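Undergrad: structure, please.
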Amino acid sequence: MEEKFLYFIIIYIMVKTLLPKKNGSRFEDVKTHCLNNELIGIESIKSAQESGMESNEFVHIIKSVLKNYEKPVIVKIHDSTSIYINKELLAIEELSTFKNAVKSICNFSCFDNKARWWSKTDSEKDVKFCSSEKDKLHFFVYEYIENADIEYFFKSGPSIMEIKNVLLQSALAIMMLGKKYNIMHGDLNTGNILFAKTDKKTSSYELDSIKYTVDTNGRIPKLIDFGRCKKIRGNANISIMDDVYILLSVLSVWITNKHLKTDFKKFILDESNKKTQNMHAFIQNFGEFFDHHVIEQT
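TA: Next up is the predicted model:
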């Protein structure tokens with residue numbers, strides 16, 4: 001009897017060990033490794049010096065590897081006294097289902113020497129975090145998206161239609177961020193929006209129960225760095241369209257096609273001068289101005 005019981009125990013252990021884990025379970029394992037600081041920094045992406053911030057606004061971004069995670073990750077380091085940490089934590093919680101936000105893996109606090117992160121050095125490789133008792137820092141760990149920065153996209157020779165699609169998707173993502181999640185990003189610059197590759201042919205954005213479906217042409221916008229975000233609900237001084245105009249103005253600088261660049265800048269200027277605040281009117285104007293036929297409304 002005891003031998004039979006032991007046999008079933010062995011079989012149970014083997015099944016639990018050998019069966020593939022579900023994606024949710026696998027991610028929980030990865031998250032645990034992340035919270036345990038099983039990370040190795042391999043390349044400085046942006047140093048505190050480059051950010052031009054004051055010492056009490058210290059931030060450094062490092063490409064890293066995480067145990068049992070098949071892709072690199074981004075580790076964003078803040079001074080623990082930073083006024084932006086709570087806003088970013090709030091955004092991580094509220095935007096967990098937002099497809100246009102870069103995926104958060106984990107975040108944690110520990111002691112380290114922030115002086116070693118101040119400048120970008122090529123000599124410092126395979127760095128362990130939390131290796132000093134000097135400064136209390138906060139670490140945000142996000143997915144790393146390869147070849148997704150704005151400069152890479154525009155220098156890769158995209159077609160005019162591809163450019164129009166990412167411009168429209170970017171505007172829709174900002175609108176959805178405001179309407180569905182009541183958040184205004186507040187710091188839209190070239191480093192805080194990425195164009196990630198996707199296998200999906202279309203992407204849908206729902207605003208006021210109206211769904212807009214856009215051809216992706218293989219790219220979908222991803223937003224990151226919500227440390228300066230603002231809540232919209234109850235705040236009459238915040239306009240979602242303000243962020244839309246800021247983002248599109250930033251993106252227009254990178255357009256290399258002279259005719260498209262001129263037309264697009266004129267479109268943004270005209271819309272902002274008209275103070276177009278109705279998102280649906282803006283989307284319709286976008287389509288009419290660019291003779292853009294990839295917007296499906298349902």
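Undergrad: mind listing the helices for the stretch 151-298 of the chain?
TA: For the stretch 151-298 of the chain, the helices defined by DSSP state H, counting those that start in this stretch cover 160-181, 240-252, 258-273, 279-290.
Undergrad: the longest one to helix 240-252, inter-axis angle?
TA: Computed with axes from the mean of the first three to the mean of the last three C-alpha atoms, to 10 degrees, the direction of helix 160-181 lies at 150 degrees from that of helix 240-252.
Undergrad: what's helix 160-181 packed up against?
TA: Packed against helix 160-181 by the contact rule (3 or more C-beta pairs under 8 Å, 6 or more residues apart in numbering; DSSP states H and E) you find strand 183-184, strand 202-207, strand 210-215, strand 219-223, helix 240-252, helix 258-273, helix 279-290. All C-beta spots, glycine's among them, are computed from the backbone N, C-alpha and C.
Undergrad: likewise the shortest one?
TA: Here helix 279-290 touches helix 160-181, helix 240-252, helix 258-273, going by 3+ C-beta pairs under 8 Å, 6+ apart.
Undergrad: and that helix with helix 160-181, angle?
TA: With the same axes, to 10 degrees defining the directions, helix 279-290 sits at 180 degrees from helix 160-181.
Undergrad: same check, this time on the second one
TA: With the same axes, to 10 degrees as the criterion, the two stretches helix 240-252 and helix 160-181 enclose an angle of 150 degrees.
Undergrad: re the thing from before, could you dump the helices and strands packed on helix 160-181 to TSV with mean pLDDT and distance to A196?
TA: Output for the helices and strands packed on helix 160-181, formatted as TSV (pLDDT from 0 to 100; distance: least, C-beta to C-beta, whole Å):
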stretch	mean pLDDT	distance to A196
strand 183-184	92	20
strand 202-207	92	11
strand 210-215	90	15
strand 219-223	96	5
helix 240-252	91	15
helix 258-273	89	22
helix 279-290	84	22
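Undergrad: so which of these is the most packed in?
TA: strand 183-184 (a mean of 24; mean count of other C-beta atoms under 10 Å).
Undergrad: how long is stretch 138-148 from one end to the other?
TA: 25 Å (C-alpha to C-alpha, to the nearest Å).
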